[in-house]
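*Asks:* Sequence first, then the predicted structure, then my questions.
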There are 2 protein chains.
Amino acid sequence: MSVAAAVEELRHRLGDKVTTNDTVREHHSKDESFHLPVMPDAVVWAECTEDVVAVVTVCNEHRVPLVPFGVGTSLEANSTPIHGGISLDMSRMDKVLRISGDDLDVTVQPGVRRKQLNEVLSSHGLFFPVDPGADATLGGMASTGASGTTTVKYGAMKQLVLSLQVVTPNGEVITTSGRARKTSAGYDLTHLFVGAEGTLGVITELTLRVFGIPEVTAAATVQFPSVRDAVDSVIEVIQYGIDVARIELLDADAVMAVNKYSGTSLPEQTLLLLEFHGTDRSTAHSIDAVREVFDRRGGTGFRQTTDEAERRRLWQARHDTSIACRVLVPNAKSFATDVCVPISRLTDCIEETQRDLADSGIFGPIIGHVGDGNFHVVMSVDPNDHVSVERCEALHARLVDRALAMGGTCTGEHGIGTGKRAYLRRELGDNAVDLMATVKRALDPNDIMNPGKVV
Amino acid sequence: MSVAAAVEELRHRLGDKVTTNDTVREHHSKDESFHLPVMPDAVVWAECTEDVVAVVTVCNEHRVPLVPFGVGTSLEANSTPIHGGISLDMSRMDKVLRISGDDLDVTVQPGVRRKQLNEVLSSHGLFFPVDPGADATLGGMASTGASGTTTVKYGAMKQLVLSLQVVTPNGEVITTSGRARKTSAGYDLTHLFVGAEGTLGVITELTLRVFGIPEVTAAATVQFPSVRDAVDSVIEVIQYGIDVARIELLDADAVMAVNKYSGTSLPEQTLLLLEFHGTDRSTAHSIDAVREVFDRRGGTGFRQTTDEAERRRLWQARHDTSIACRVLVPNAKSFATDVCVPISRLTDCIEETQRDLADSGIFGPIIGHVGDGNFHVVMSVDPNDHVSVERCEALHARLVDRALAMGGTCTGEHGIGTGKRAYLRRELGDNAVDLMATVKRALDPNDIMNPGKVV
């Protein structure tokens, strides 16, 4: 490995797209989590697929690690260059290349951000539903296997990426699929790269499914005396196939934090926050149907609105939960857990976790994508306060064990990064993880692509 | 390679689960297509995962090909043992192992057939929607990446397989995922095996998403003066997000064949056949919404029914299209094409293909899963009539080129098998297919798993 020689050659090939400036390197050393930063040796801005090919080729030749970087909103150090090397910044590849209203698909460069895409799409009457909260890049969202609040209706990145252009570790450019809505043509390369966290190649283009902006979007809130009543209601709503676009849970602590941060005055009880997409008639039908379930199961204070401003305020408050919790602790960064369990076990998993939090004296509000069985304990911790970090780590380990015993996963949507590598073998067993490692070695024999992550 | 020694050892290990009987081997030599049969050297019935491990281990040791076999309903010789060896019959592994109404998932053995599963599920108020027509095994459907008439609402096998147990080519048993509804934990091994056609391992268990049986199921038919009017209507229905469970096209020739075979008296024009799943209120809403589109776009003779018998008769007629066409040609087997294109190009693709059929003097009714952009030209041919086979092959080649030029795929749901290997490189390029081959070599270095298929 010769980083200096690689940087030298990259400068020769790519000029001022390459920098070793300290401020820039520092910016590429971390994500939004408590995981400790590690500086890359250099940062390269890719402006086109050919730039990516050049970087991959040079890194391969010099055996230098290469870590794709979007805008650093990940939560498991997924884009942190833990072995140094090159941070490959994709944010300048930010063009929406093609929009088809007839086919309900778009092709974008990986540096396009979620909100930017939706701004462009809105003038076509279209939107892209995946909403992880953060204004992440689409390339990052695909690499992490992100999802968020709308998965229950529209699916996660896994379901909505139709095709990718990828630069593989040997510097070749491949397209994983055509634009047809479905295909059985060969191995599913698209899904090999979605969720691979940049360890198998660099995504340079994405073709995504999009949807027509619904005629009517309605939001609703409802309180419950317990997590169990709320989750049982959600199970019933899902079983009946009632058409909900979002169905999110906040526990009382999360509501309290949100009220304090966002100035809302929601009752500080278990809250479900819902959204419905459709026509006047279909959303009214769905709202009636969920109300019937909620009334029967002890829901109180049901409120609905189609007022755009009020609806945006509600969802902004939901998305601010993480920061609302963080500001309660000095110098804090997020320690976000991300288990996902079969929905029948969700109440048990949340209740046991709440008890564990109380016993541990850790403040950890819970927010959940309950329609998917996925929830986050939003702990906030000063990364340099080792005692607190260790206490959170211990709680996290117990939470993962609990979720795995229930048939769940250590991560529903944040990915493995470095933060959950220890749990992957526990979750899937040695044989499955060894098989992943076999695939990794076959595609990236020199281990240059985001080494030390996932497997 | 020593087949005799392998069979000898398998007999020793598995007793009368092993046979070299001619009739049995003949049954395992072919599928439902025109592709020519090839006999396996022996057939082994697996009754449990351990049997599969034994067969894989012995085949690996003796470098003998191993081809998983369900019930032989594939259409691209996917399960034909073209290099001989062992046909591994999975049909005795036919138990439904677990049903969860709360989680809306089930775990089944791979030999469970689609109709059998739905019979078992119905007493729980549940159903599994993927419906390729044939009463295939779930293992086969996953391996082929099957879909069918309900994909537009529920998704294909790719979307509905949550997790697999697989015996890998080195004889290890892995589970690809937990039961959580979503996960970002490591590489997506589930999707690596779905659609791999048994070339990367043998599926020994599947966990599948299922759905609540809808309160109301309504069917409808409508005629159009042209394919274009019909498809443009479908595009509009999809864009508006109207909730249809099936939306199928039959061209005039297909309707004619169906009328003749099934004794229906549908007007012999382009036909759309629809189904709606929901409540009284939601299906009525959807039906009103599609009618508005159809009326505006020249649809005539709209008929709807919630009568169970009439609805079943309609869909049975649709599913019998293939056989209805086949009986028109003596000694015929199916030559089914399977292109899938972005829906905006579907009309052009169908119309150009109809002209090509007319110019070629080939009778090829067209049926289409138009909501997905997928359609089949149902040609029927005597496999020993080489001139006719060659004419069909030539038309097929032109059809695939047409679909690929439109951004589509050579196969939406039948898989590659041997029949479409030539097209895979044309579709995805050498780099992508070479990458598939790299994965294949890494997982199956001795090339024992269904050799000669896919890559």
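*Replies:* Cool, the structure landed. Being a predicted model, the structure only gives us computed values, none of them experimental.
*Asks:* what's the nearest residue to the residue nearest the centre of chain A if we skip its chain neighbours?
*Replies:* The residue lying closest to the centre of chain A (C-alpha atoms, centre = their mean) is A:Ala146, at 3.3 Å. Computed as C-beta to C-beta, 6 or more residues apart in numbering or on different chains, the closest residue to A:Ala146 that is not its neighbour in sequence is A:Pro132, at 4.6 Å. Where C-beta positions appear, they are placed from N, C-alpha and C, glycine not excepted.
*Asks:* May I ask you to confirm that that neighbour is in contact with A:Glu413?
*Replies:* Yes. Between A:Pro132 and A:Glu413 there is a contact under C-beta atoms under 8 Å: 6.7 Å.
*Asks:* Of these two, which one has the most company?
*Replies:* A:Glu413 (28 against 24; other C-beta atoms under 10 Å in any protein chain shown).
*Asks:* so that one, which of the three states?
*Replies:* Following DSSP: H, G, I helix; E, B strand; the rest coil, the label given to A:Glu413 is coil.
*Asks:* Would you check that it makes contact with A:Ser147?
*Replies:* Yes. Between A:Glu413 and A:Ser147 there is a contact under C-beta under 8 Å: 4.4 Å.
*Asks:* Please identify every residue contacting each of those two.
*Replies:* Common contact partners of A:Glu413 and A:Ser147 (C-beta atoms under 8 Å, 6 or more residues apart in numbering or on different chains): A:132, A:156, A:369, A:374, B:182.
*Asks:* Need those residues in TSV (columns: distance to B:Val166, secondary structure and pLDDT).
*Replies:* Shown next, in TSV, are the shared contacts of A:Glu413 and A:Ser147 (distance: C-beta to C-beta, whole Å; DSSP: H, G, I helix; E, B strand; the rest coil; pLDDT from 0 to 100):
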residue	distance to B:Val166	secondary structure	pLDDT
A:Pro132	30	coil	93
A:Ala156	23	coil	97
A:His369	28	strand	95
A:Asn374	25	strand	97
B:Lys182	20	coil	96
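*Asks:* Of those residues, which is the most crowded?
*Replies:* Neighbour max across these (other C-beta under 10 Å) = A:Asn374, 32 neighbours.
*Asks:* Quick check: beta-bridge partners of that residue?
*Replies:* A:Cys340, A:His369 (DSSP bridges).
*Asks:* Surely it is in contact with A:Ile367?
*Replies:* No. A:Asn374 lies out of contact with A:Ile367 (C-beta under 8 Å); the separation is 9.8 Å.
*Asks:* Which positions in the stretch 251-400 of chain A make contact with chain B?
*Replies:* Within the stretch 251-400 of chain A, the positions adjacent to chain B are A:277-279, A:281-282, A:285, A:289, A:338, A:340-344, A:372-374 by C-beta under 8 Å from any C-beta of the partner chain.
*Asks:* rewinding a little: the shared contacts of A:Glu413 and A:Ser147 into JSON lines, with extra columns for distance to B:Asp253?
*Replies:* Formatted as JSON lines, those follow (distance: C-beta to C-beta, whole Å):
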{"residue": "A:Pro132", "distance to B:Asp253": "48"}
{"residue": "A:Ala156", "distance to B:Asp253": "41"}
{"residue": "A:His369", "distance to B:Asp253": "48"}
{"residue": "A:Asn374", "distance to B:Asp253": "49"}
{"residue": "B:Lys182", "distance to B:Asp253": "43"}
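*Asks:* Go through those residues and say which is closest to A:His319.
*Replies:* A:Pro132 (9.3 Å; C-beta to C-beta).
*Asks:* Tell me who's in contact with that closest one.
*Replies:* Contacts of A:Pro132 by C-beta under 8 Å, 6+ apart are A:73, A:114, A:141, A:146-148, A:413.
*Asks:* before we move on, back to that, joint contacts of A:Pro132 and A:Glu413?
*Replies:* Residues touching both A:Pro132 and A:Glu413 (C-beta under 8 Å, 6+ apart): A:146-148.
*Asks:* Which single one of the residues you listed is nearest to chain B?
*Replies:* For the shared contacts of A:Pro132 and A:Glu413, the residue nearest chain B by C-beta to the nearest C-beta is A:Ser147; the value is 5.8 Å.
*Asks:* what stretches of chain A score poorly on pLDDT?
*Replies:* For chain A, applying pLDDT under 70 flags the ranges A:1.
*Asks:* can you rerun that using 90?
*Replies:* For chain A, the stretches flagged by pLDDT under 90 are A:1-2, A:239-241, A:262-264, A:312-323, A:325-334, A:336, A:419, A:422.
*Asks:* what about the nearest residue to A:Thr199 once chain neighbours are set aside, distance to A:Pro169?
*Replies:* Once flanking residues are discounted, A:Thr199 sits nearest to A:Asn450: 4.7 Å by C-beta to C-beta, 6+ apart. In this view, A:Asn450 and A:Pro169 are 10 Å apart by C-beta to C-beta, to the nearest Å.
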